[in-house]
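# Dropping the sequence and predicted coords here.
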Amino acid sequence: MDKDKRKLTEKELKRKDSFEKLNSEMQQKGYKTKNMIINIQQANYLGPLSMLPFMIIIFRIYHKVNGFDLEGISWGFAVTAFLSILCLTILHELIHGITWGIFAKNHFHSIDFGIIWSSCSPYCTCSEPLKKWQYLLGIVMPTLVLGAGAAVVAIMANQLLLFFLSEFMLLSGGGDFLITLKILSYRTNKKKSVYCDHPYECGFAIFEK
């Protein structure tokens, strides 16, 4: 095995087998497969970097509307923030799964969760092909809800803790943002296409004809 290739887990191997079967079925129907993969090491720093402009905008709006009262920050504040981040990280993946599960024909039977331990990256994956807008909505929904949505509430309610959490969730949505850019920048003259999560890489596959 190439030294840059990580060893696949048992769950990933099963998804790989299922994907290869799906790929074969789609090819028999006249579809061609195009893999759109993002290097996960690059995503771990390019993703957060790409979210900085959005975080700066939210920071400036919050500061203009509410200012910053840092006197309320304490050890209790820090512990609450840490525990909230852990919960929101799980919720982020759940929102991916719930959104995709609504659209998938087999619903939540097509959804799988896990962690890539080599990079400490939690993930949610959908093994079923979806329409472009359905797949894209599942990608962006966690950041829209937990990042942008929470930021709006934090600004309106002057909630400093919620503001910090919304900024973190924007930051953690960087990988999803890179995938979103990859989807939106892809151009094709094919009339039919469906999108499916890659079974073990950071990215997706397009079946088109």
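Now that the structure is in, tell me what you want to look at.
# all contacts plus neighbour counts: C-alpha atoms, from now on.
Noted.
# contacting residues around Tyr195?
Tyr195 makes contact with Pro129, Leu130, Lys131, Lys132, Tyr135, Phe204, Ala205, Ile206, Phe207 under the criterion CA atoms under 8 Å, 6 or more residues apart in numbering.
# hmm, 10 Å instead?
Going by CA atoms under 10 Å, 6 or more residues apart in numbering, Tyr195 touches 33-35, 126-136, 183, 204-208.
# Find the residue ranges of the protein scoring beneath the pLDDT cut-off.
For the chain, the stretches flagged by pLDDT under 70 are 1-6, 72, 118-119.
# would you list every one of the helices in it?
Using DSSP state H, the helices found in the chain span residues 10-28, 40-66, 75-103, 132-142, 150-157, 160-172, 174-185.
# With respect to burial, which of these scores highest?
Sort the helices of the chain by mean neighbour count, taking mean count of other CA atoms under 10 Å, and helix 160-172 sits at the top with a mean of 22.
# what helices or strands is that helix leaning on?
Secondary-structure packing of helix 160-172 (3 or more CA pairs under 10 Å, 6 or more residues apart in numbering; DSSP states H and E): helix 40-66, helix 75-103, helix 132-142, helix 150-157.
# Ile179 is nearest to which of the ones you listed?
Nearest to Ile179 among the helices and strands packed on helix 160-172 is helix 132-142 (7.8 Å), distances taken as CA to CA.
# between the closest one and helix 160-172, how many degrees?
Helix 132-142 runs at 140 degrees relative to helix 160-172, counting by axes from the mean of the first three to the mean of the last three CA atoms, to 10 degrees.
# Just list what helix 132-142 packs against, helices and strands only.
Packed against helix 132-142 by the contact rule (3+ CA pairs under 10 Å, 6+ apart) you find helix 75-103, strand 121-126, helix 160-172, helix 174-185, strand 193-197.
# Give the residue farthest from the middle of this protein.
Distance to the chain centre peaks in the chain at Glu71, reaching 34.0 Å (criterion: CA atoms, centre = their mean).
# quick revisit: can you list the helices of the chain in a markdown table and add distance to Ile116?
Output for the helices of the chain, formatted as a markdown table (distance: least, CA to CA, whole Å):
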| stretch | distance to Ile116 |
| --- | --- |
| helix 10-28 | 10 |
| helix 40-66 | 10 |
| helix 75-103 | 13 |
| helix 132-142 | 18 |
| helix 150-157 | 27 |
| helix 160-172 | 15 |
| helix 174-185 | 14 |
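# ok so, going back, so which of the helices and strands packed on helix 160-172 gets nearest Cys120?
helix 40-66 (10.2 Å).
# which other helices and strands contact that closest one?
Where contact means 3+ CA pairs under 10 Å, 6+ apart, helix 40-66 is packed against helix 150-157, helix 160-172, helix 174-185.
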